[in-house]
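Q: what's the 3D shape of this:
(one chain, ligands or ions: 3)
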Amino acid sequence: MTETRIPVGGDQPYEVIVGTGVLGALPDLVGKRAETVAVIHDERLGAVARPVSRVLEDAGYRVAVTGVPSGETAKDVSVLAGLWSWLAESKVTRTDCVVSVGGGAVTDLAGFAAASWLRGVPVVHVPTTLLGMVDAAVGGKTAIDIPEGKNLVGAFHPPAGVLADLATLETLPREDYVAGLAEVIKAGFIADREILRLVEADTDGAAKPHGAHARELVERAIAVKARVVSADLRESGLRETLNYGHTLGHAIEKLQRYRFRHGDAVAIGMVFAAEVGRLAGRLKAADVALHRELLTAVGLPVRYPKAAWPALRETMSLDKKTRGARLRMVILDGVGNPIIYDSPAEDLLAQAYLAVSA
Ligand SMILES: NC(=O)c1ccc[n+]([C@@H]2O[C@H](COP(=O)([O-])OP(=O)(O)OC[C@H]3O[C@@H](n4cnc5c(N)ncnc54)[C@H](O)[C@@H]3O)[C@@H](O)[C@H]2O)c1
Ligand SMILES: O=C(O)C(=O)C[C@@H](O)[C@H](O)[C@H](O)COP(=O)(O)O
Ligand SMILES: [Zn+2]
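A: Ligands and ions are numbered 1, 2, ... in the order given. Predicted coordinates for the structure are as follows:
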């Protein structure tokens, strides 16, 4: 099948290329200004990084390659500091380019390395997870975690391009593919009902890279993200809606010391946000039920232990949408219409949590 190019607008427009076996398009995205390309890859993904490097070498670039720890442990200041030294050794200058190869953890880390190195060098992402393709690699949010919370240090640094080669999904464990579906379903609830219809029509297929609607789901979710970040890169309004499910989700990840899949945490967080929406009189009980039905059917969790609430509530106060002492979270004023719910009452939050607790 041919490649699809999804444009992302704003001050620094770029394209997300989606297709199978499309690595050959990488030099186009890196561009002609770069002499050196610094490839930063998940250390478990040498088998993807090698063809990436070959394509770049064949195109005439000098290529430097390094691996970083797999998963969320990569998003650490010590790993970032190691990358800065390596970028110095590799003599990466402002006209050169960083290429990331991995899931969202690696695109977030390498994106932040590129944003901070020499105060900003170009980066091209080659996401290798569903979640990376439909969400993390698009939109320019980059970050690392600190003990106090997730993604608390980072920068907005849009990529020069994104290459989503669906062939890389062949080796992705099923649990990680399914975790990515949480962000796909999120895109459905906030902006594209057709995504929800496609998942509902074939819940088994939705959980597989070869499912009948797999490519359409990927492209629709990217299109939602692209539309939002094109209009509001720096999250001054509309972009906050992409955080649906994340206020509780990020608190769960922190409580689990980041040994819990991001998508799994967001799935629980979306059911919580849906319950808040229902209690606030904004979302029908049937739509809350639809959250549970779709997420459960594809294999995502929708419950979390009751006793965790006090710790979760405290962590939620450090969410980036908080203003002063005011917690703000995204809820749905009906499916497809996300809004910010400012200063929710504490007893309403506790009641909503009771409805998701195991
Ligand atoms: N910047 C953003 O806008 C944004 C958006 C959503 C999520 N995120 C971040 O993304 C991260 C989660 O990303 P993720 O779900 O991709 O997780 P991940 O990057 O941790 O990857 C999950 C696992 O899959 C493995 N893996 C990756 N690609 C593979 C492949 N092709 N074959 C086999 N194994 C493979 C990794 O080694 C890892 O063990 C979180 O840190 C989250 O905060 C960022
Ligand atoms: O791109 C965005 O904006 C998002 O909120 C997408 C989220 O799926 C993603 O997990 C993001 O990293 C969360 O950002 P944060 O600002 O809440 O840390
Ligand atoms: Zn997310």
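Q: Residues of the stretch 151-300 of the chain that sit close to ligand 2?
A: Neighbours of ligand 2 within the stretch 151-300 of the chain, by Cβ under 6 Å from any ligand atom: N151, E183, E235, R239, L242, N243, H246. For glycine as for every other residue, the C-beta is placed from the backbone atoms N, C-alpha and C.
Q: which one is the second one nearest to, not counting chain neighbours?
A: If I follow you right, that is E183. With Cβ to Cβ, 6 or more residues apart in numbering as the criterion, E183 has its nearest non-adjacent residue at 4.3 Å, and that residue is D135.
Q: What is the most widely separated pair among the residues of the stretch 151-300 of the chain next to ligand 2?
A: E183 and E235 (16.4 Å; Cβ to Cβ).
Q: More neighbours: these two, which one.
A: More neighbours surround E183 than the other of E183 and E235, with 29 against 18 (other Cβ atoms under 10 Å).
Q: Run through the residues that contact the more buried one.
A: E183 sits next to L131, V134, D135, A221, G263, V266 when contact means Cβ atoms under 8 Å, 6 or more residues apart in numbering.
Q: a markdown table for those residues, including secondary structure and neighbour count?
A: Below are the contacts of E183 laid out as a markdown table (DSSP: H, G, I helix; E, B strand; the rest coil; neighbours: other Cβ atoms under 10 Å):
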| residue | secondary structure | neighbour count |
| --- | --- | --- |
| L131 | helix | 28 |
| V134 | helix | 29 |
| D135 | helix | 28 |
| A221 | helix | 27 |
| G263 | helix | 29 |
| V266 | helix | 28 |
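Q: State the distance from T107 to G245.
A: Remark: distance between T107 and G245 (Cβ to Cβ, to the nearest Å) = 20 Å.
Q: Next, count neighbours for the closest residue to G211 other than its chain neighbours.
A: Sequence neighbours aside, G205 is the residue nearest to G211 in space, at 3.0 Å (criterion: Cβ to Cβ, 6+ apart). Close neighbours of G205, defined as other Cβ under 10 Å, add up to 17.
Q: Contacts for the host helix or strand of G205 next, please.
A: Using DSSP states H and E, the element containing G205 is helix 203-206. With contacts defined as Cβ under 8 Å, 6+ apart, helix 203-206 is touched by L181, L198, V199, G211, A212, H213, A214, L217, L294, A297, V298.
Q: Going through those, which ones are buried?
A: L181, L198, V199, G211, H213, A214, L217, L294, V298 (16 or more other Cβ atoms under 10 Å).
Q: Enumerate the residues of the stretch 1-150 of the chain near ligand 2.
A: Selection of the stretch 1-150 of the chain residues close to ligand 2 by Cβ under 6 Å from any ligand atom yields D135, G139, K141, A143.
Q: beta partners of G19?
A: D165 (DSSP bridges).
Q: List the buried residues for stretch 153-161?
A: For stretch 153-161, burial by neighbour count (16+ other Cβ under 10 Å) applies to V153, G154, F156, H157, P158, P159, A160, G161.
Q: Can you classify the fifth one as helix, strand or coil?
A: In this case it means P158. When classified by DSSP: H, G, I helix; E, B strand; the rest coil, P158 comes out as coil.
Q: That one against V8, yeah?
A: Yes: in this structure, P158 is within contact of V8 by Cβ atoms under 8 Å, at 7.4 Å.
Q: joint contacts of those two?
A: By Cβ under 8 Å, 6+ apart, the residues touching both P158 and V8 are Y14, G139, V229.
Q: wait, what's in contact with the residue nearest the centre of the chain?
A: Nearest residue to the geometric centre of the chain (Cα atoms, centre = their mean): A136, 2.9 Å. The neighbours of A136, taking Cβ under 8 Å, 6+ apart as the test, are G103, G104, T107, D108, P127.
Q: Please tell me how far the fourth one sits from A115.
A: Using Cβ to Cβ, one gets 10 Å for the distance from D108 to A115.
Q: And for the last one?
A: Counting by Cβ to Cβ, the gap between P127 and A115 amounts to 17 Å.
Q: Out of these two, name the residue with the larger neighbour count.
A: P127 (28 against 20).
Q: Who is that one paired with across the strands?
A: Beta-bridge pairing of P127 under DSSP bridges involves G102.
Q: before we move on, back to that, quick one: the residue nearest to E183 and A226 touch, right?
A: No: D135 is not in contact with A226 according to Cβ under 8 Å; the separation is 10.9 Å.
Q: And the helices in the chain?
A: Counting by DSSP state H, one finds helices in the chain at the ranges 26-30, 46-58, 77-89, 104-116, 130-131, 174-191, 193-201, 203-206, 214-231, 246-255, 262-279, 285-298, 309-316, 346-356.
Q: Next, format those helices as a markdown table and append mean pLDDT and distance to I340.
A: Output for the helices of the chain, formatted as a markdown table (pLDDT from 0 to 100; distance: least, Cβ to Cβ, whole Å):
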| stretch | mean pLDDT | distance to I340 |
| --- | --- | --- |
| helix 26-30 | 98 | 34 |
| helix 46-58 | 98 | 38 |
| helix 77-89 | 98 | 31 |
| helix 104-116 | 98 | 24 |
| helix 130-131 | 98 | 24 |
| helix 174-191 | 98 | 12 |
| helix 193-201 | 98 | 21 |
| helix 203-206 | 96 | 29 |
| helix 214-231 | 98 | 14 |
| helix 246-255 | 97 | 11 |
| helix 262-279 | 98 | 11 |
| helix 285-298 | 98 | 18 |
| helix 309-316 | 97 | 14 |
| helix 346-356 | 98 | 15 |
